[in-house]
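>>> how would this look folded up:
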Amino acid sequence: MLDIKFVRANPEAVKENIKKKFQEDKLGLVDEVIALDEQYRSALAQAESLRAQRNAGSKEIGKLMGQKKFAEAEAKKAEIAAMGDRLGALAEEEKALAGQVNDIMLVLPQMIDESVPIGRDDSENVEVMRYGEAVVPTFEIPYHVDIMESFNGIDLDSARKTSGNGFYYLMGDIARLHSAVLTYARDFMIDRGFTYCVPPFMIRGNVVTGVMSFAEMDTMMYKIEGEDLYLIGTSEHSMIGKFIDTIHPKESLPQCLTSYSPCFRKEVGAHGIEERGVYRIHQFEKQEMIVVCEPEDSMEWFHKIYGYTVELFRSMDVPVRTLECCSGDLADLKVKSFDVEAWSPRQQKYFEVGSCSTLGDAQARRLKIRIKGENGNYYAHTLNNTVAAPPRMLIALLENNLRADGSVRIPEVLRGYMGGKEEIRG
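Numbering: from 1, shown residues only. Predicted coordinates for the structure are as follows:
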């Protein structure tokens with residue numbers, strides 16, 4: 001969410017940013033919100049002037065009564081009563097105008113970082129770096145569900161009966177590997193100084209609108225019928241929400257948290273839900289990280305935390321690359337974002353397994369997350385990044401560690417979480 005003062009002072013820069021995001025339908029909102037803000041400030045000024053007049057008039061009534069000028073005193077009372085009616089009307093006008101201004105400000109996109117490549121959609125995202133050798137084995141690699149089924153590790157048919165497409169039962173060693181990845185990812189982040197947290201899995205509507213755009217909300221979130229509660233699509237939502245309406249001493253920052261949670265997503269859009277597969281699903285589990293920090297430190301943290309995800313994958317012998325999201329692929333609250341993609345030997349291409357974003361003060365402004373400064377309070381910056389999100393990560397692990405005989409090598413860092421097992425065999 002932008003500062004209305006910034007929009008007022010820099011309308012052309014805001015419009016240019018909208019063009020970079022290919023959201024030309026929002027261009028007219030800039031002039032509209034500036035006009036509404038002017039009306040709002042005019043109503044405030046009128047109300048302030050009227051209150052001053054009313055206060056002065058109230059004092060004058062006392063003087064008139066003391067001078068036994070009763071008729072004049074009564075006339076002044078009527079005048080003040082009329083001012084009260086006008087103040088009531090102005091209060092309603094202020095409330096309506098403030099609501100209209102806020103509604104528009106919520107849909108204007110955050111100013112993107114000047115380093116973000118300009119592009120219309122994810123087809124124009126830019127590769128940044130590759131890590132590890134992307135190997136294509138000499139033998140054929142089956143579809144990930146077929147690999148799991150060879151170990152009796154997944155049951156999609158039963159899940160379809162109980163819950164529909166987009167759900168699954170993980171079983172045996174595959175379920176154990178799923179849990180091992182999450183536990184290893186938790187310890188990996190704790191070892192890097194992050195505080196472990198298990199957050200609420202449902203959040204109120206004001207937190208939802210504080211952490212994401214309306215477009216994301218409509219396509220992602222499940223709402224609890226009859227309740228002001230939503231199932232989280234990622235623990236970032238409740239983790240950032242933890243700081244709602246707080247003021248932090250400078251010395252208490254950064255706040256670095258890593259969290260476990262299930263995640264629930266409608267997955268509405270062009271990709272849809274696979275009938276056989278666990279790449280795009282309604283329910284999954286994830287280890288996440290968030291950072292709340294000083295504004296001047298946010299870009300340094302951005303590069304540091306996506307590096308943690310790269311390091312995690314490489315420790316499990318999975319080749320990855322980083323991809324910078326272009327302007328048109330950035331969600332409205334994001335300033336800059338990198339995807340981390342794992343190598344798929346079967347598809348012979350990379351696929352997304354994590355996303356790292358800095359949101360500037362967008363979430364902090366909506367949720368009133370502030371820092372106590374020497375010359376007044378100011379908004380913090382927030383960042384989030386995926387540590388590990390099985391079962392999508394399982395696809396990368398299984399494909400990159402599959403052997404010609406159908407067994408799967410367990411990466412060394414996971415063996416302690418798998419009871420010392422070095423491989424999975426059917």
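>>> The helix or strand harbouring D31 - what's its average pLDDT?
D31 is located in helix 27-66, with elements delineated by DSSP states H and E. For helix 27-66, mean pLDDT is 87.
>>> Of all the residues in that helix, which ones are buried?
By neighbour count, and taking 16 or more other Cβ atoms under 10 Å as the criterion, the buried residues in helix 27-66 are 29-30, 33-34, 36-37, 40, 43, 47, 50, 54, 61, 64. For every residue, glycine as well, the C-beta is placed using N, CA and C.
>>> What ranges does the stretch 301-426 of the chain have for its strands?
Along the stretch 301-426 of the chain, the segments classed as strands by DSSP state E, counting those that start in this stretch run 320-324, 336-344, 349-358, 369-372, 378-379, 381-388, 408-409, 423-424.
>>> Export those as TSV, with columns for distance to V181.
As requested, these are exported to TSV (distance: least, Cβ to Cβ, whole Å):
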stretch	distance to V181
strand 320-324	15
strand 336-344	12
strand 349-358	11
strand 369-372	31
strand 378-379	35
strand 381-388	5
strand 408-409	13
strand 423-424	13
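>>> among the ones you listed, which is nearest F194?
Minimum separation from F194 across these (Cβ to Cβ) falls at strand 381-388, 9.0 Å.
>>> Against which helices or strands is that closest one packed?
Packed against strand 381-388, as judged by 3 or more Cβ pairs under 8 Å, 6 or more residues apart in numbering; DSSP states H and E, are the following elements: helix 172-190, helix 235-241, strand 283-293, helix 298-315, strand 349-358, helix 362-367.
>>> Okay, now the sheet partners of that strand, with direction.
Sheet pairing here is set by DSSP bridges, and for strand 381-388 it gives strand 283-293 (antiparallel), strand 349-358 (antiparallel).
>>> Can you tell me which of the ones you listed is most buried?
For the strands paired with strand 381-388, the stretch with the most neighbours on average is strand 283-293, a mean of 23; neighbours defined as mean count of other Cβ atoms under 10 Å.
>>> contacting residues around G193?
Contacts were defined as Cβ atoms under 8 Å, 6 or more residues apart in numbering; by that measure G193 touches C256.
>>> tell me the SS of it?
Going by DSSP: H, G, I helix; E, B strand; the rest coil, the secondary structure assigned to G193 is coil.
>>> Could you give the backbone dihedrals for it?
Per-residue torsions, G193: phi 90, psi 10 (degrees, to the nearest 10).
>>> gap between it and R346?
When distance is defined by Cβ to Cβ, to the nearest Å, G193 is 36 Å away from R346.
>>> Tabulate the helices and strands packed on strand 381-388 in JSON lines, adding columns for distance to L229 and mean pLDDT.
Supplementary listing: the helices and strands packed on strand 381-388 in JSON lines, determined by distance: least, Cβ to Cβ, whole Å; pLDDT from 0 to 100:
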{"stretch": "helix 172-190", "distance to L229": "25", "mean pLDDT": "97"}
{"stretch": "helix 235-241", "distance to L229": "11", "mean pLDDT": "94"}
{"stretch": "strand 283-293", "distance to L229": "17", "mean pLDDT": "96"}
{"stretch": "helix 298-315", "distance to L229": "29", "mean pLDDT": "97"}
{"stretch": "strand 349-358", "distance to L229": "25", "mean pLDDT": "96"}
{"stretch": "helix 362-367", "distance to L229": "17", "mean pLDDT": "96"}
